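Colleague: Requesting a structural model of the entry that follows:
(2 chains)
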There are 2 protein chains.
Amino acid sequence: MSITRGRGVTISDVAAAAGVSRAAVSKVIRNAYGVSPAMRRRVEAAIEELGYRPSVAARALRGSSYRLGLEIPYVSARFMSQIVEGANRAVAGTPYQLVLAPADGPEYSTLESLADGLVDGIIAVSPRVDPPWLEELARRVPMVMLGRHDDPVAYDTVVGDDEAGAGAVMDHLLALGHRRIAHLTEPEAVTLATPVTPHVVRVAVYRSRMAAAGLAPIIEVARWEDGDSGVREATARLLSLPDPPTAIFAGHDDIALIVLAGVAAAGRLGEVSVAGYDNTDMAQHPLIDLTSVDQQGAEMGARAATMLLERLQGRTERRQHVVATSLRVRGSTRPPLS
Amino acid sequence: MSITRGRGVTISDVAAAAGVSRAAVSKVIRNAYGVSPAMRRRVEAAIEELGYRPSVAARALRGSSYRLGLEIPYVSARFMSQIVEGANRAVAGTPYQLVLAPADGPEYSTLESLADGLVDGIIAVSPRVDPPWLEELARRVPMVMLGRHDDPVAYDTVVGDDEAGAGAVMDHLLALGHRRIAHLTEPEAVTLATPVTPHVVRVAVYRSRMAAAGLAPIIEVARWEDGDSGVREATARLLSLPDPPTAIFAGHDDIALIVLAGVAAAGRLGEVSVAGYDNTDMAQHPLIDLTSVDQQGAEMGARAATMLLERLQGRTERRQHVVATSLRVRGSTRPPLS
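Modeller: Below you'll find the model as predicted:
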């Protein structure tokens, strides 16, 4: 072979020297799963022999950062780790690296910073920014929106089927015999500013199912405020109503966990049913045992990353993908006592 | 003022036009806390008037990416969100943006990718890479290592006081009357490859406290393998020993949660005490109620970010910071039954 060592060496040169595919070289470089020890040895020998430097070569090859940006609004949200895990899985074995940008406030500057030369494409997790602004951003940088019921032109969306998921929770609680069902959802200011969040759908489904069951007069929508203490206060308020709810449907699992803690602190575990949304790992823990909606967060993350890679390979028409949900019934929901 | 609109405008121009400090402008741009509405209005008016674009101007000003990279080995680890929260807090109000790079395997390529023009400095969370390799990387990019008991030349370290933390757990279990105490720690391969992790200190403390209590013959060190199923198997093995432990000290809270689930599944809650490490939010949940060591993850993240900013401002001598720990005793640990 007549390849010069070092800077000019491409992933194709390494693949040719090792007698494997480019994808296989990429896998070895990225330490992805599914590489046999023999293949790893061959590829590593070729890398060593040619003096290949992946990042430099990758850029020289395509003028690309080979990075995908994932903007996340709440790092501590347990659902986020499902999304990141799925996205990471989809990116493994490609030459791309995932970077996460946590927002510590409104997401405009975080998204701008990602778009500004950092990454080749962006996955945004339900940022609280205006759709027109996003459209403009998406014209500069390929983008997939995760978890927002947008109707965009220039970017793709991946959402859970919130209509079906919230419907399943309500049908389950009603079938258990609950009538005084409260729903705990995001602050009204967030709804007003961003009327396309999953929570807007969930609260609408809650209202319509209550109305359909003849329970419109006792609809009880509580709002959490930012921070755990806001959720604790909302829970305490609900529990101290003259006719307190016998079941609380919390907008997502992290909220439901705080509600459960409040119900436990009030000595009313087993008396007040609690349901969440996202089927996080904690919902599944036997000591928590929280009824929740599985909306396949890892699949959502993987699908978003795959759709972004498709855009990077040239697709321009919009795609919208809805992920199916399924209810996981656990011990936190049972028939009302009386 | 004779400033041209747009590209040439700097943060100093905005500060001068608004009659505030550069730090104040940065705060407004980054949506940091502690900005009065009046100051926000003044700064936003100046930004609007001058056509200032923060990211472009920031780079023009200092040739810097104004990004700090935080490499995290396990996105789903609950302790990570404490670290990210603290680091984000320390970075808020500076012109810097935090980006997270999740590793999906050995961290060499993740760290290389961060160093390769993406960020101005790196915080690495206990990566499984060789110290000499890190020393070389740290000569190219300012770096702070979090959670490793390294003795470096070219980078800083922030670690918890694992000696005191693990000692407090063992003293507590011994004082409760436990003798058959098992310790569940990282796989031996990880210890051998990276003998500077917190877990190496914790297991050494476990052994020495057992020996000091005359319990050397019944030292029982179990290893988790990667993945939840590995921890479940290790737990089941411990519980099925002829003389099973009456207390299990798990290397960190995520592991302890799986141990707790295993103990619950075996119907032995209250019979087998469980302690963890990190005082994660789940340890604090009343339905989990896990005795754990608080090593101030948010403070560790904030301190690491602050030390990295110091390096970016010119400090070159090495700093090593040890964060104090405190034991949080909860319901998961009680005296042995017999």
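Colleague: use CA for all of it now, contacts and neighbours both
Modeller: OK.
Colleague: mind listing what the nearest residue in space to residue A:72 that is not next to it in sequence touches?
Modeller: Nearest non-adjacent residue to residue A:72, counting by Cα to Cα, 6 or more residues apart in numbering or on different chains: residue A:102, 5.0 Å away. Neighbour list for residue A:102: A:71-75, A:110, B:98-100 [criterion: Cα atoms under 8 Å, 6 or more residues apart in numbering or on different chains].
Colleague: Domain map for chain A?
Modeller: As given by automatic domain parsing, the domain ranges for chain A are A:11-62, A:67-159+A:297-323, A:162-295.
Colleague: Pick out the shakiest of the ones you listed, pLDDT-wise.
Modeller: Mean pLDDT is lowest for domain A:11-62 among these, at a mean of 70.
Colleague: Neighbour count added to the contacts of residue A:102, as TSV?
Modeller: Shown next, in TSV, are these (neighbours: other Cα atoms under 10 Å in any protein chain shown):
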residue	neighbour count
A:71	26
A:72	25
A:73	21
A:74	16
A:75	22
A:110	23
B:98	28
B:99	28
B:100	24
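Colleague: residue ranges of the strands in the stretch 1-150 of chain A, please?
Modeller: Assigned by DSSP state E, counting those that start in this stretch, the strands in the stretch 1-150 of chain A fall at A:67-72, A:97-102, A:121-125, A:143-146.
Colleague: Check the offset of the helix or strand that the last one is followed by from the chain's centre.
Modeller: Pointing back at strand A:143-146 there. Sequence order places strand A:156-160 as the next helix or strand after strand A:143-146, per DSSP states H and E. With Cα atoms, centre = their mean, to the nearest Å as the basis, strand A:156-160 stands 10 Å off its chain's centre.
Colleague: what do you get for stretch A:90-106?
Modeller: For stretch A:90-106 - counting by Cα atoms, centre = their mean - the centre lies 12 Å from the chain centre.
Colleague: Could you do stretch A:259-275 as well?
Modeller: With Cα atoms, centre = their mean, you get 27 Å for stretch A:259-275.
Colleague: Let's check: the centremost residue of chain A is which one?
Modeller: Nearest to the geometric centre of chain A sits residue A:83, at 4.1 Å (Cα atoms, centre = their mean).
Colleague: which residue sits closest to that one, ignoring its sequence neighbours?
Modeller: That would be residue A:301: by Cα to Cα, 6+ apart, it lies 4.2 Å from residue A:83.
Colleague: Only C-alpha atoms, please: export the helix or strand where the one you found lies in PDB.
Modeller: In the assignment (DSSP H and E), residue A:301 maps to helix A:297-312. Listed next in PDB are the C-alpha coordinates belonging to helix A:297-312 (Å, rounded to 0.1, in the frame of the first residue of the first chain):
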ATOM      1  CA  GLY A 297     -38.200   6.700  25.700                       C
ATOM      2  CA  ALA A 298     -35.200   4.800  24.400                       C
ATOM      3  CA  GLU A 299     -37.000   4.100  21.200                       C
ATOM      4  CA  MET A 300     -37.900   7.800  20.900                       C
ATOM      5  CA  GLY A 301     -34.300   8.800  21.400                       C
ATOM      6  CA  ALA A 302     -33.000   6.100  18.900                       C
ATOM      7  CA  ARG A 303     -35.700   7.100  16.300                       C
ATOM      8  CA  ALA A 304     -34.900  10.800  16.600                       C
ATOM      9  CA  ALA A 305     -31.100  10.100  16.100                       C
ATOM     10  CA  THR A 306     -31.900   7.900  13.200                       C
ATOM     11  CA  MET A 307     -34.100  10.500  11.600                       C
ATOM     12  CA  LEU A 308     -31.400  13.100  12.100                       C
ATOM     13  CA  LEU A 309     -28.800  10.900  10.500                       C
ATOM     14  CA  GLU A 310     -31.200  10.500   7.500                       C
ATOM     15  CA  ARG A 311     -31.400  14.300   7.200                       C
ATOM     16  CA  LEU A 312     -27.600  14.500   7.300                       C
END
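Colleague: which parts of it are buried?
Modeller: A:297-309, A:311 (16 or more other Cα atoms under 10 Å in any protein chain shown).
Colleague: Check those and tell me the two furthest apart.
Modeller: A:297 and A:311 (21.1 Å; Cα to Cα).
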